[in-house]
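>>> Predicted structure and sequence below. I'll ask about it afterward.
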Amino acid sequence: MGGTGQEGNGNWVNWSATRTSDVVADSSKVKKEEKKPKPAGELGKVTYPFTAFGWTERPKPGTYLLKNATVWTCEKDGILQNTDVLISNGKISKIGKNLSQAGATEVDATGKHVTPGVIDEHSHIAISRGVNEGTQASSAEVRIGDVVDCEDIDIYRQLAGGVTCSQLLHGSANPIGGQSAIIKLRWGFAPEEMKNEDAKPFIKFALGENVKQSNWSNAGDRFPQTRMGVEQVYQDYFNEAKQYGALKKSGKPYRKDLELETLLEILENKRYITCHSYRQSEINMLMDVGDRMGFKVNTFTHILEGYKVADKMKEHGAGGSSFADWWAYKFEVWEAIPHNGAIMHEQGVTVAFNSDDAEMARRLNQEAGKAVRFGGVKEEEALKFVTLNPAKLLHIDDQTGSLKVGKDADVVVWSDHPLSVYAKAEMTFVDGIKFSTEKKMKSYRRRWIPNVTA
């Protein structure tokens, strides 16, 4: 064999080698005791989930007594000073002063703030292999619930930001998207175990540039490609769903159609719509179609021009889940204003702030604070934009979204005022299970984002 090589000092050399004999082992270097191989079938540690930051043992609900905190109930009781919260059996058991409970783990929350868990109405985390089935105008038959990814590290990260519940939405590529999944952020649990068992069914609709393929399609790929085509899609599909429903009731034989079954659920008030939207003209259009066809739009999400049509939204019965202050990232959001959420709120619309972004979701408490800064919304009402109000929009406010005896123990202990940029979620409980602590997250920050201070 021969060739060239480079020495450590950078000089090039020629080399060659000729085989002379077999290699003979040096008996003096053979260890007296060879390491015994592991028995066949021996396993390493299993973690939950089986990925980074998994639990070696899955956490369980505990009994916790949070003592002497500032408690933001998001209920008629308002903000309570020097108050205790008892968590037991996965529920909020008691709220009051000078509470005691034998066997409870006491947490000194003096100087800290306790709030309901943050709820993200519009999220795309924890979805395996894409969120858009956009190859046809309607994909009402597909279900995000079939592709929940319980190992997504964003679940772990968002627990560190106080998020306890998220609606996982289909994308906005087509007018009628897929069915959503509402999950609790139960890190370490299997996909089916993460789903909110009592949540009502939702579906994603969409309007605007994405739907008519302004930025990503070649002409002729798929109908619709204009705003008037988008309106006709809704008209045609709901007409077909009505005919399908009439056939079912007639007693005549019919072939089950999963797509039309889903749209029929909307007409029968068994499934709710959350609709990607920006411009007032399109928002008005869909409400008008709904009024004609006999359905309501439950939530307009994004809705950065909601301030222009808030009175009509209130009359229709639609809620608004908005960004706090995103705009100018495409043409249809140029007229967005940071006062949008506050104006809709003043008109009596149920308003939430959502993330639509894995990073922003970790700071939704700060997004809520922007409603105070820009719109003069009262602090407790602003906190509801990311707690009770999204729970109302998702129809789970009887379970979560506020601190009330009997509700799920989805609770966050903050180091500071919960709307402050300085506040850290020191403890995050989901169903009374302590999933996140400040000590655990410091380890995460050191290993993954060393340039970000605690």
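That came through fine.

>>> Now do the contacts for residue 171.
Contact partners of residue 171, counting by C-beta atoms under 8 Å, 6 or more residues apart in numbering, are 124, 130-132, 134, 177, 204, 206, 210. All C-beta spots, glycine's among them, are computed from the backbone N, C-alpha and C.

>>> And the helix or strand hosting residue 81, what's buried?
Residue 81 is part of strand 79-88, with elements assigned from DSSP states H and E. Judged by neighbour count using 16 or more other C-beta atoms under 10 Å, the buried positions of strand 79-88 are 80, 83-88.

>>> And for stretch 263-276?
263-267, 271-276.

>>> tell me how far that stretch is from the chain's mean position?
The chain centre lies 20 Å from the centre of stretch 263-276; the measure is C-alpha atoms, centre = their mean, to the nearest Å.

>>> First-to-last residue distance for that stretch?
Length of stretch 263-276, first residue to last, C-alpha to C-alpha, to the nearest Å: 17 Å.

>>> do stretch 384-392 as well
Length of stretch 384-392, first residue to last, C-alpha to C-alpha: 10 Å.

>>> next one: stretch 119-135
In stretch 119-135, first residue to last residue: 31 Å (C-alpha to C-alpha).

>>> what kind of secondary structure is residue 417 in?
What DSSP: H, G, I helix; E, B strand; the rest coil gives for residue 417 is coil.

>>> follow-up on the earlier one: let's see the PyMOL selection covering just the buried ones among the contacts of residue 171.
Applied in PyMOL, the following selects the buried portion of these according to 16+ other C-beta under 10 Å:
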select buried, resi 124+131+132+134+177+204+206+210
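
>>> So which of the buried residues of strand 79-88 is the closest to residue 186?
Taking C-beta to C-beta as the measure, residue 186 sits nearest to residue 87 out of these, at 15.7 Å.

>>> can you name the two of the contacts of residue 171 that are farthest apart?
Greatest spatial distance in the contacts of residue 171: 130 and 206, 15.6 Å, computed using C-beta to C-beta.

>>> which ones are touching residue 196?
Neighbour list for residue 196: 165, 182-184, 396, 399 [criterion: C-beta under 8 Å, 6+ apart].

>>> Which one (most neighbours) among those?
Within the contacts of residue 196, most neighbours by other C-beta atoms under 10 Å means residue 165, with 28 neighbours.

>>> Using the three-state scheme, assign the residue nearest to that residue when sequence neighbours are not counted.
Nearest non-adjacent residue to residue 165, counting by C-beta to C-beta, 6 or more residues apart in numbering: residue 119, 4.6 Å away. Under three-state DSSP, residue 119 falls in the strand class.

>>> I'd like the numbering to begin with 545 instead of 1 from here.
Sure thing, new numbering starts at 545, so read that last one as residue 663.

>>> From residue 899, how far out is residue 663?
In this view, residue 663 and residue 899 are 11 Å apart by C-beta to C-beta, to the nearest Å.

>>> Residue 846 now?
Taken as C-beta to C-beta, the span from residue 846 to residue 899 is 11 Å.

>>> Spatially, which two of the contacts of residue 740 are the most separated?
Of all pairs drawn from the contacts of residue 740, the greatest distance, 13.3 Å, lies between 727 and 943 (C-beta to C-beta).

>>> And the helices in the stretch 595-744 of the chain?
697-703, 735-738 (DSSP state H, counting those that start in this stretch).

>>> Single out the most deeply packed of those helices.
helix 697-703 (a mean of 24; mean count of other C-beta atoms under 10 Å).

>>> what about residue 744, neighbour count?
By other C-beta under 10 Å, 13 other residues sit near residue 744.

>>> Quick check: pLDDT value at the spatially closest residue to residue 596 that is not a sequence neighbour.
Take residue 596 and drop its neighbours on the chain: the residue closest to it by C-beta to C-beta, 6+ apart is residue 697, 6.7 Å away. Note for residue 697: predicted pLDDT of 96.

>>> residue contacts, residue 697?
595-597.

>>> out of those, which are inside strands?
With strands defined by DSSP state E, no entry of these lies inside them.

>>> So which of those wins on neighbours?
In terms of neighbours by other C-beta under 10 Å, the contacts of residue 697 top out with residue 597 at 18 neighbours.

>>> Report the separation between it and residue 907.
According to C-beta to C-beta, residue 597 and residue 907 sit 20 Å apart.

>>> got TSV for the contacts of residue 715, with pLDDT too?
TSV is the format used below for the contacts of residue 715 (pLDDT from 0 to 100):
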residue	pLDDT
668	97
674	89
675	95
676	94
678	89
721	97
748	98
750	98
754	92
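
>>> other SSEs contacting the strand or helix carrying residue 835?
Here residue 835 is covered by helix 824-837, with elements defined by DSSP H and E. Helices and strands touching helix 824-837, by 3 or more C-beta pairs under 8 Å, 6 or more residues apart in numbering; DSSP states H and E, are helix 771-794, strand 816-821, helix 850-860.

>>> Could you look over these and pick the most buried one?
Ranked by mean neighbour count, the helices and strands packed on helix 824-837 are led by strand 816-821 with a mean of 25 (mean count of other C-beta under 10 Å).

>>> Would you agree the residue nearest to residue 709 is in contact with residue 929?
No: with contact defined as C-beta atoms under 8 Å, residue 663 does not reach residue 929; the gap is 10.0 Å.

>>> rewinding a little: overlap in contacts of residue 846 and residue 899?
Common neighbours of residue 846 and residue 899, using C-beta under 8 Å, 6+ apart, are residue 666.

>>> Near residue 922, how many other residues are there?
Counted by other C-beta under 10 Å, the residues lying close to residue 922 total 11.

>>> quick one: contacts for it?
If you count contacts by C-beta under 8 Å, 6+ apart, residue 922 has them with residue 916.

>>> for residue 938, same thing?
Counting by C-beta under 8 Å, 6+ apart, residue 938 makes contact with 663, 665, 709, 711, 726, 743-744, 746.

>>> redo that, cut-off 10 Å
Contact partners of residue 938, counting by C-beta atoms under 10 Å, 6 or more residues apart in numbering, are 663, 665, 709-711, 724, 726, 740, 743-744, 746, 816, 818, 842-843, 863, 865, 896, 944-945.

>>> go on, residue 685?
Per C-beta under 10 Å, 6+ apart, neighbours of residue 685: 677, 720, 722-723, 801-807.

>>> can you confirm residue 913 is in a strand?
No: Residue 913 sits outside any strand when classified using three-state DSSP, being helix.

>>> list the contacts for it?
Counting by C-beta under 10 Å, 6+ apart, residue 913 touches 868, 897, 907, 921, 923, 926-927, 929-930, 961-965, 967.

>>> Apply 8 Å and report the result again.
Neighbouring residues of residue 913 by C-beta under 8 Å, 6+ apart: 926, 963-965.

>>> Show me how to select, in PyMOL, the buried members of those residues.
Buried residues among these (16+ other C-beta under 10 Å), as a PyMOL selection:
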select buried, resi 926+963
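
>>> And stretch 730-741, how far out from the chain middle?
What separates the centre of stretch 730-741 from the centre of its chain is 13 Å, taken as C-alpha atoms, centre = their mean.
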